[in-house]
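Trainee: Need coordinates for the following:
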Amino acid sequence: MSVFNQPRKRVIQLIFLGMVSLIVVRLFFLQVVETKYSKLADANAHLRKVIYPSRGIIYDRNGRSVMRNEALYDLMVTPRNVKNIDTAYLCEVLSITHEEFIKRINAARMKEGPVRPSVFASLLTPEVYGKLQESMYMFQPGFELVLRPVRNYTYSAGAHILGYISEISPSMLADSSGRYSAYQQGDFIGRTGLENTYENILMGQRGIQYLVKDNLNRPQGPLENGEFDTAAVAGKNLRLALDIDLQVLGEAMMQGKVGSIVAIDPSTGGILAMVSGPTFDPNLLSGSYRSQNYNKLYLDTTKPFFNRAVQAAYPPGSTFKPITGLVALDEGVITPDFGFPCHGGYGLCGRFIRCTHSNPGHAANMRVALANSCNSYFMHLYRLSVDNRKWGGVVNGQVQWTNYLNLMGLGRRLGIDIPGEVRGVVPDTARMNYVYRGSWNSCSEVYVGMGQGQLILTPLQMANAMCIIANRGYYYIPHFVEGIDNDNSDILRKYKQKVSVAEHISDEAFSSVILGMEDVVSKGTARGAQIEGVAVCGKTGTAENKARIDGKVVQLKDHSLFVGFAPRDNPKIAIAVIVENAGFGATYAVPIASILMEKYLTDTISAKRMPIVQRMMETVTMSTEMRARSKIDSLNNMFASSIEREALLRRILSK
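Mentor: Okay, here's the model as predicted:
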C-alpha cells in the first residue's frame, strides 16, 4: 500500500484544514463584524486621553479631612505630532525660551519615544492653564492638557506623617522587579509618609477617554458615545487615629525648637500626634512650585525632611529607669520592696559614680527610688539583671537583658506604617565585645541602667514603652491608619494584635512602678505635668549630649525629656517629648507634654495654663546660628500666613 493512502496523512490534512478554517473565521470577525479596532486605529481622527483618578482622602480620628484633592493640569506632548505650531506663542505662555522648548521636546523623545505622550510642563498654574485652554487647537495634535489631581493640606500640618507625591522617576520605571509595572511616565507616586506606605490603596486606577477630532484637531466629543472609554477609579480613603488639633498644637509649641513629640492611644496603638521639629508646611511640596521648594527644604540647615520621631535616636536618660525596674522585676532578681543604701553615689564598680541624692531612705524601695530618680538604685538593678546566676554568666545575662528590651520594641523597628524607622541601639554582646575588645563585665556599661551609656532610643520607642507600662504588660504596634474605606483586606490586621511582654510581673509589681511615676508628677521633678482632676504618671529625663567636633568629644547642652501617660487607671494617652539642647526635662518637655495631654483628655486647656502655652510657642531653643541660616520660617509662610496660623490655634485653644 502506498504511504500516501495511510490514515495518518488524512489526520494531518484534517488538522491543517481545521487550523486554516479557524484563522479565516477569526480574520473575518475582526475585519468585517468587529469595528472596534478599525475605529481605534484611525489615529488621525481620534484622540486618546488619559484620565487620572482622584487619590484617596485622608481623615483624622474625628472624620476631618487633613488633605483634599485640587485640580491642576499637565501639558503633555507627543513629539512626532508636533508640526506647524506657533512655537513663539507657546513659549510666551509658558515663560520659557525657544532653547528650553527644544530641550524639553528632546527630553520627551528620550523618555517615552516619539509616539508616546510625555509631560512637557507639569502642574500648570491657573493663569497659564487659562491662556492655554483658549488656544489649545493651535498646538494640536502634538500637545494636550491632562487633568491632574494634586494634594492640598487644609491644616498645613503633618508633613512627616502624610508625606508627599511626585512624578515617578525613569529609574523606577526601569526597575526590573516589576514593582512599578502599573505606572507609566507622568504618573505620580507616593514618596514618603502614608502616601508611600499606602500607595496601592490611595492611587486608584487610570481611565482612558477617546475623543473625535475635527480637521483643526479640536476635540468634538466622545468616540461612539464613550463605548471604548474606561472610567477612572478613585483611590480609597484612609481613616487615621491622628487628632489633627493635637498635631497642630504640638507643631506650634515645637516651633523654634529641635526635637520630637509622639503621643499614642495605649488601648489601640493608634498614634494621636507625631511632631518632628523643625517641620514644614506640606503644601510646599504640592503644586507648581514643588521642585524649587523641595530643593530649598533639602538644603536647609535645620534638616526639615528628617523625621526625628522615628529617625533620630537619643540617650533616654532617667526616662528609661521604669524599664530598668520592669526588667529586674520580671527576672525576679528583686521585689517591689527592694531597697539600696545609696549615699550620694554608686561605688560597687571600683569607682565612685556620684548622683544627686544622699538623703537616707531615698531609695528604700522601687516606688521611692523612682520618685527620687536614684541613679545608684537603677545602675544596681541593671547589674543584678545581667549578673543573675540563672543565666550562667554575664555574657548570657547580657543576651537575656537585650532580649527583654527587644521584646519591648527597643533596639529594633516596631513596624510603624510610615517608612524610615530606625532601630535605635541596645548594647548587645556583639557591641560589648567590639567596644571592650572582648573583655567586659556588668560594670562596663553600668550607666545603661540609668538610661545613658551605649543606649539610644527613638521617641517612638520611648512613647511605646509608656504604653507597655500603662497597659501593665502589653502594647499594640504603633500605627496611624485605623481603617480603610470599602476595603476587606487584612492589611491592618497586624496592628490589631496584642503584643504581650513582661508576663511574669505581678499587678503589685507593676503598681510599684506606676505609683512611683505618679509620685514624680505629684511631688517630684514633673510637677508641671499635673492636670486638675487627672492622675498623671510620668518621668523626666535630662540626657547628656556629646558630639565629636574637630576630632574631639565635646559636651553640649543636655536634652530635655519627658515620658508619661494619663489617666493612671484606664489610660487614654501615652506620650514622649524630647527637646534637644534645652536643659532640664521640667523646663520644656514637661509643659509641652502636659498641655497636649490636657487638650486630648478634656478637649480644652484651662485659662490659668494659657500663659504656659504662649511661652512654649514663643520660646526658641534652636541655636542662633542654625536659626539665622535657616529659611524654614519664610518658606512656611508662603501658604499659611501668621494671621491664618494664629486663627487656627485660637480655634483649637478656645474649645
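
Trainee: Run the chain-centre distance for stretch 429-436.
Mentor: The gap between where stretch 429-436 is centred and where its chain is centred comes out at 32 Å by C-alpha atoms, centre = their mean, to the nearest Å.

Trainee: Then stretch 195-208?
Mentor: Centroid displacement of stretch 195-208 relative to its chain, using C-alpha atoms, centre = their mean, is 18 Å.

Trainee: My read is that Q255 contacts M617, right?
Mentor: Yes - if you go by C-beta atoms under 8 Å, Q255 and M617 touch, sitting 6.4 Å apart. (Each C-beta comes from the backbone N, C-alpha and C, glycine too.)

Trainee: and Y52, what does it touch?
Mentor: V146, L147, R148, P149, D187, F188, R206, A232 (C-beta atoms under 8 Å, 6 or more residues apart in numbering).

Trainee: Next: D485.
Mentor: G56, K236, N237, L238, R239.

Trainee: do the same with D330
Mentor: Y404, A502, E503, H504, I505.

Trainee: For the first one, list the residues it contacts.
Mentor: Think Y404. For Y404, the contact set (C-beta under 8 Å, 6+ apart) comprises V327, D330, E331.

Trainee: And for the third one?
Mentor: The contact partners of E503, taken as C-beta under 8 Å, 6+ apart, are D330, G473.

Trainee: Please identify the helix or strand for it.
Mentor: Applying DSSP states H and E as the criterion places E503 outside every helix and strand.

Trainee: if I look at it, how far off is R389?
Mentor: 21 Å (C-beta to C-beta, to the nearest Å).

Trainee: quick one: least confident of the contacts of D330?
Mentor: Ranked by pLDDT, the contacts of D330 bottom out at E503, which scores 75.

Trainee: quick one, strands of the stretch 1-150 of the chain?
Mentor: Counting by DSSP state E, counting those that start in this stretch, the segments of the stretch 1-150 of the chain that form strands are 46-51, 58-59, 68-77, 118-124, 143-152.

Trainee: which residues in the stretch 1-150 of the chain form helices?
Mentor: All helices of the stretch 1-150 of the chain, identified by DSSP state H, counting those that start in this stretch, fall at 7-28, 36-40, 87-94, 98-112, 126-134.

Trainee: Report all helices and strands that the fourth one contacts.
Mentor: Using 3 or more C-beta pairs under 8 Å, 6 or more residues apart in numbering; DSSP states H and E as the contact test, the elements touching helix 98-112 are strand 68-77, helix 87-94, strand 118-124.

Trainee: Put together a markdown table for these, with distance to Y52 and mean pLDDT on each row.
Mentor: Putting these into a markdown table (distance: least, C-beta to C-beta, whole Å; pLDDT from 0 to 100) gives the following:
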| stretch | distance to Y52 | mean pLDDT |
| --- | --- | --- |
| strand 68-77 | 9 | 86 |
| helix 87-94 | 21 | 89 |
| strand 118-124 | 12 | 85 |
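
Trainee: Turn the ones you listed into JSON lines, including distance to G269 and mean neighbour count.
Mentor: JSON lines is the format used below for the helices and strands packed on helix 98-112 (distance: least, C-beta to C-beta, whole Å; neighbours: other C-beta atoms under 10 Å):
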{"stretch": "strand 68-77", "distance to G269": "27", "mean neighbour count": "19"}
{"stretch": "helix 87-94", "distance to G269": "49", "mean neighbour count": "15"}
{"stretch": "strand 118-124", "distance to G269": "37", "mean neighbour count": "22"}
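
Trainee: who wins for proximity to N283 among the ones you listed?
Mentor: For the helices and strands packed on helix 98-112, the distance to N283 is smallest for strand 68-77, at 9.9 Å, taking C-beta to C-beta.

Trainee: what angle separates the closest one from helix 126-134?
Mentor: 50 degrees (axes from the mean of the first three to the mean of the last three C-alpha atoms, to 10 degrees).

Trainee: packing partners for strand 68-77?
Mentor: By 3+ C-beta pairs under 8 Å, 6+ apart, strand 68-77 packs against helix 98-112, strand 118-124, helix 126-134, strand 143-152.

Trainee: Out of the ones you listed, which one sits most buried?
Mentor: The highest mean neighbour count among the helices and strands packed on strand 68-77, using mean count of other C-beta atoms under 10 Å, belongs to strand 118-124: a mean of 22.

Trainee: who does that strand touch, helix- and strand-wise?
Mentor: strand 68-77, helix 98-112, strand 143-152.

Trainee: how distant is that strand from the center of its chain?
Mentor: 28 Å.

Trainee: ok, now stretch 221-228?
Mentor: 43 Å.

Trainee: what does the average pLDDT come to for that stretch?
Mentor: 72.

Trainee: same thing with stretch 450-459?
Mentor: Here the average pLDDT along stretch 450-459 is 95.

Trainee: quick one: A529 from I575, how far?
Mentor: If you go by C-beta to C-beta, the gap between A529 and I575 works out to 10 Å.

Trainee: residues shared between the contacts of the two?
Mentor: Residues touching both A529 and I575 (C-beta under 8 Å, 6+ apart) are F562, G564, A593, M597.

Trainee: Just the ones in helices from those residues, please.
Mentor: Judged by DSSP state H, the shared contacts of A529 and I575 include A593, M597 as members of helices.

Trainee: Excluding residues flanking it in the chain, which one is nearest E167?
Mentor: Distances taken as C-beta to C-beta, 6 or more residues apart in numbering put F188 closest to E167, at 5.8 Å, once the chain neighbours are dropped.

Trainee: Quick check, that neighbour in contact with Y164.
Mentor: No - with contact defined as C-beta under 8 Å, F188 does not reach Y164; the gap is 9.8 Å.

Trainee: could you pull out the helices for the stretch 251-400 of the chain?
Mentor: Going by DSSP H, counting those that start in this stretch, the stretch 251-400 of the chain shows helices at 290-299, 308-311, 321-331, 366-372, 375-386, 394-407.

Trainee: Which one of these lies nearest to G269?
Mentor: It's helix 308-311; of those, that one is closest to G269 (C-beta to C-beta) at 14.5 Å.

Trainee: got the CA positions of that closest one in CSV?
Mentor: Extracted C-alpha coordinates of helix 308-311, given in CSV (Å, rounded to 0.1, in the frame of the first residue of the first chain):
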residue,chain,number,x,y,z
ARG,A,308,13.2,62.9,64.4
ALA,A,309,10.3,60.9,65.8
VAL,A,310,11.4,57.7,64.1
GLN,A,311,14.8,58.5,62.5
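
Trainee: Understood, closing this out.
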